[in-house]
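K.L.:
Take a look and give me a structure for this.
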Amino acid sequence: MRRARHARTSICKLLWPAIFVALTLFGTAQASLGDRLPDFKDCVQVCINSNCVDGNANVPLRRRLLFWDCPSECDYTCQHVVTNNRLAREPEYIVPILQFHGKWPFHRFMGMQEPFSVVFSLLNYLAHDHGLNKLQEKIPKEYPLRKYYMGFGYFGLASWIFSMIFHTRDFKLTERLDYFAAGASVLYGLYFAPIRIFRLDKDDRPEKASVVRVWTVLCVIAYLAHVSYLSFWRFDYTYNMAANVIVGIVQNIMWSAFSIYRFRKLKRQWAAWPGLIVAWLILAMSLELLDFPPWGGMVDAHALWHLGTVGPTIWWYSFLIKDAQEDMQGTHLKA
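P.N.:
Residues are numbered from 1 along each chain as shown. Now for the predicted structure:
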């Protein structure tokens, strides 16, 4: 009992700083000094007056296909004009690079606003796609947990599709879709965690089916309430991040505790994988602590955070498959 209490305390000590870091960073990331600079405002206004009389005639077709118009071209151009002028007057360690509209002044590529965030989101999408294919290949349809694992993969695919769209072009709609899809993916992770950990999928006791139905309804209601509040009441960035972080932390604690318990029971290395994956994700999240102007105008801490989640995703599917195979062989000890 003392060892279990110590394990829970260690997990909490590891995870609560992650909550604080995420909320602190998110709360400060929304403030942007760059777009409040008089130089920037004047530059944008002069550019629009000089170039946008004929609408979008001066915008190349390849950019118009991604909804770049003349005012947004001026905004993008002036971000870099103002940034370059500031750096020409003083070195970066004296005059810091500023954010505009909550983002660093990225250099776009093929019309994508944050090209490496798009690329790394694609890698996460491919990791989920690969994992889904492996699940279909190695876990038979009759295995009761298979549908929950497949659901995890489909929610993951959706979240990374909308992440790619949002980082390609940041609009109100693409931002909302990205946040709502990410929220659904995080909540689904919490949804299926107790189903696996407590084996609520098994029909050895009739009340388990009722528990799953109630749990499903509660999660659906929670998600609908979350989206409704953000859509029809107020889009509160701090609340949105807090909700996602708390939901993520709860499932991380569950999987970490489960990992410790299973490893002690089975004495097999793969049983410890969930806890190690959680630790990897926390380390990846800590990259946000290093919030810095993008290297080469393209790679920032947020992009690296996306890159840092690719490995754990692949590893997680390996765990699900290994866990299912052991279970089907009847070698599991009852959790």
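K.L.:
hang on, isn't Gln113 packed against Phe166?
P.N.:
No: using CB atoms under 8 Å, Gln113 and Phe166 do not qualify as a contacting pair, with a distance of 9.1 Å. (C-beta placed from N, C-alpha, C; glycine too.)
K.L.:
which helix in the chain runs the most residues?
P.N.:
Longest helix in the chain, counting residues (DSSP state H): helix 237-266.
K.L.:
mean confidence score for that one?
P.N.:
What helix 237-266 shows for mean pLDDT is 93.
K.L.:
Surely Gly111 and Leu61 touch.
P.N.:
No: if you go by CB under 8 Å, Gly111 and Leu61 don't touch, sitting 10.4 Å apart.
K.L.:
of the two, who's got more company?
P.N.:
Gly111 (16 against 7; other CB atoms under 10 Å).
K.L.:
Quick check, pLDDT for Arg5.
P.N.:
Value for Arg5, per-residue pLDDT: 39.
K.L.:
Below-threshold pLDDT in the stretch 151-300 of the chain: ranges please.
P.N.:
Along the stretch 151-300 of the chain, the parts satisfying pLDDT under 70 run over 203-204.
K.L.:
just the helices in it please.
P.N.:
172-197, 207-228, 237-266, 273-285 (DSSP state H, counting those that start in this stretch).
K.L.:
Now do the domain split for the protein, please.
P.N.:
Using the TED database, the domain parsing of the chain gives 34-88, 112-333.
K.L.:
Give me whichever of those domains is most buried.
P.N.:
domain 112-333 (a mean of 17; mean count of other CB atoms under 10 Å).
K.L.:
Tell me if I'm right that Leu98 and Arg36 touch.
P.N.:
No: between Leu98 and Arg36 there is no contact, the gap being 9.1 Å when judged by CB under 8 Å.
K.L.:
What number of residues are in the vicinity of Leu33?
P.N.:
What Leu33 shows, counting by other CB under 10 Å, is a neighbour count of 11.
K.L.:
quick one: it and Ser72, what's the gap?
P.N.:
Distance, Leu33 to Ser72, by CB to CB, to the nearest Å: 20 Å.
K.L.:
Let me know the angle separating the longest helix of the chain from helix 207-228.
P.N.:
150 degrees (axes from the mean of the first three to the mean of the last three CA atoms, to 10 degrees).
K.L.:
Pipe the domains of the chain into TSV and attach distance to Gly102 per row.
P.N.:
Shown next, in TSV, are the domains of the chain (distance: least, CB to CB, whole Å):
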stretch	distance to Gly102
domain 34-88	9
domain 112-333	9
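K.L.:
Nearest to Pro105, out of these?
P.N.:
domain 34-88 (4.2 Å; CB to CB).
K.L.:
What sits closest to the residue positioned nearest the centre of the chain if chain neighbours are left out?
P.N.:
Per CA atoms, centre = their mean, the C-alpha nearest to the average position across the chain is that of Ala182, at 5.9 Å. Nearest residue to Ala182, sequence neighbours excluded (CB to CB, 6 or more residues apart in numbering): Ser159, at 5.0 Å.
K.L.:
picking that back up, how big is the angle separating the longest helix of the chain from helix 172-197?
P.N.:
Using the same axes, to 10 degrees: helix 237-266 against helix 172-197 is 20 degrees.
K.L.:
so what does helix 237-266 touch, helix or strand wise?
P.N.:
helix 2-29, helix 172-197, helix 273-285 (3 or more CB pairs under 8 Å, 6 or more residues apart in numbering; DSSP states H and E).
K.L.:
Tell me how far the second one lies from the chain's centre.
P.N.:
The chain centre lies 9 Å from the centre of helix 172-197; the measure is CA atoms, centre = their mean, to the nearest Å.
K.L.:
what's it packed up against?
P.N.:
By 3+ CB pairs under 8 Å, 6+ apart, helix 172-197 packs against helix 146-168, helix 207-228, helix 237-266.
K.L.:
now the ones you listed in a markdown table, with distance to Ala324?
P.N.:
Formatted as a markdown table, those follow (distance: least, CB to CB, whole Å):
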| stretch | distance to Ala324 |
| --- | --- |
| helix 146-168 | 7 |
| helix 207-228 | 18 |
| helix 237-266 | 14 |
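K.L.:
Can you tell me which of those helices is nearest to Trp273?
P.N.:
Nearest of these (CB to CB): helix 237-266, 7.0 Å.
K.L.:
circling back: got the helices of the stretch 151-300 of the chain as JSON lines, with distance to Arg86 columns?
P.N.:
Converted to JSON lines, these look like this (distance: least, CB to CB, whole Å):
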{"stretch": "helix 172-197", "distance to Arg86": "27"}
{"stretch": "helix 207-228", "distance to Arg86": "40"}
{"stretch": "helix 237-266", "distance to Arg86": "27"}
{"stretch": "helix 273-285", "distance to Arg86": "31"}
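K.L.:
Mind checking those helices for the one nearest to Gly330?
P.N.:
Per CB to CB, nearest to Gly330 of these: helix 237-266, 13.4 Å.
K.L.:
Report the angle between that closest one and helix 273-285.
P.N.:
150 degrees.
K.L.:
Let me know the pLDDT of Phe1.
P.N.:
To be clear, residue 1 is Met; Phe isn't right here. 41.
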